[in-house]
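Participant: Below are the sequence and a predicted model for it; my questions follow.
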Amino acid sequence: MLPQTTPLQTQYVIGKDDLEDVINSIVDARMQRFFDNKKKEAEADQLITPKDAAEQLGVNLTTLWRWHNEGYLVKVYIGNKPRYKQSDIDRILQKGGRDE
């Protein structure tokens, strides 16, 4: 790339191969960010068992049941098996637990 300067702007003369490399690197970087974000979203929305949720939160199963009844922590059912969203557990952990 060789810059050609005029009083108000700079222009670059770039070959086809160099242009293709620049475009590919930009597209690759954006695609990588996109897929990284999708992976994080999928990990955050994993469903975990009540036992695992209770262990992560440091509470017992009765507390999870009460929180569900109060609308604080919603259960998701897969068939007849209750599960909790990891993202909901993470939200509670980030807040530092529940203010009783």
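Facilitator: Alright, I've got the coordinates.

Participant: Output the host helix or strand of residue 89 as PDB, nothing but the C-alphas.
Facilitator: For residue 89, the host element (DSSP states H and E) is helix 86-95. Extracted C-alpha coordinates of helix 86-95, given in PDB (Å, rounded to 0.1, in the frame of the first residue of the first chain):
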ATOM      1  CA  GLN A  86     -27.800 -21.200  34.800                       C
ATOM      2  CA  SER A  87     -28.300 -17.600  33.800                       C
ATOM      3  CA  ASP A  88     -30.800 -17.100  36.600                       C
ATOM      4  CA  ILE A  89     -28.400 -18.700  39.100                       C
ATOM      5  CA  ASP A  90     -25.600 -16.500  37.800                       C
ATOM      6  CA  ARG A  91     -27.900 -13.400  38.200                       C
ATOM      7  CA  ILE A  92     -28.500 -14.300  41.900                       C
ATOM      8  CA  LEU A  93     -24.800 -14.900  42.500                       C
ATOM      9  CA  GLN A  94     -23.800 -11.600  41.000                       C
ATOM     10  CA  LYS A  95     -26.300  -9.800  43.200                       C
END
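
Participant: Distance from the chain centre to that helix, please.
Facilitator: 13 Å (C-alpha atoms, centre = their mean, to the nearest Å).

Participant: pLDDT averaged over it - what is it?
Facilitator: For helix 86-95, the mean pLDDT works out to 91.

Participant: for it, packing partners?
Facilitator: The elements that helix 86-95 packs onto, with contact taken as 3 or more C-beta pairs under 8 Å, 6 or more residues apart in numbering; DSSP states H and E, are helix 16-44, strand 47-48, helix 50-57. C-beta coordinates here come from the backbone N, C-alpha and C atoms, glycine included.

Participant: Take those and write them to JSON lines, including mean pLDDT, mean neighbour count and distance to residue 91.
Facilitator: Written out in JSON lines, the entries for the helices and strands packed on helix 86-95 read as follows (pLDDT from 0 to 100; neighbours: other C-beta atoms under 10 Å; distance: least, C-beta to C-beta, whole Å):
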{"stretch": "helix 16-44", "mean pLDDT": "88", "mean neighbour count": "10", "distance to residue 91": "10"}
{"stretch": "strand 47-48", "mean pLDDT": "94", "mean neighbour count": "16", "distance to residue 91": "13"}
{"stretch": "helix 50-57", "mean pLDDT": "97", "mean neighbour count": "16", "distance to residue 91": "11"}
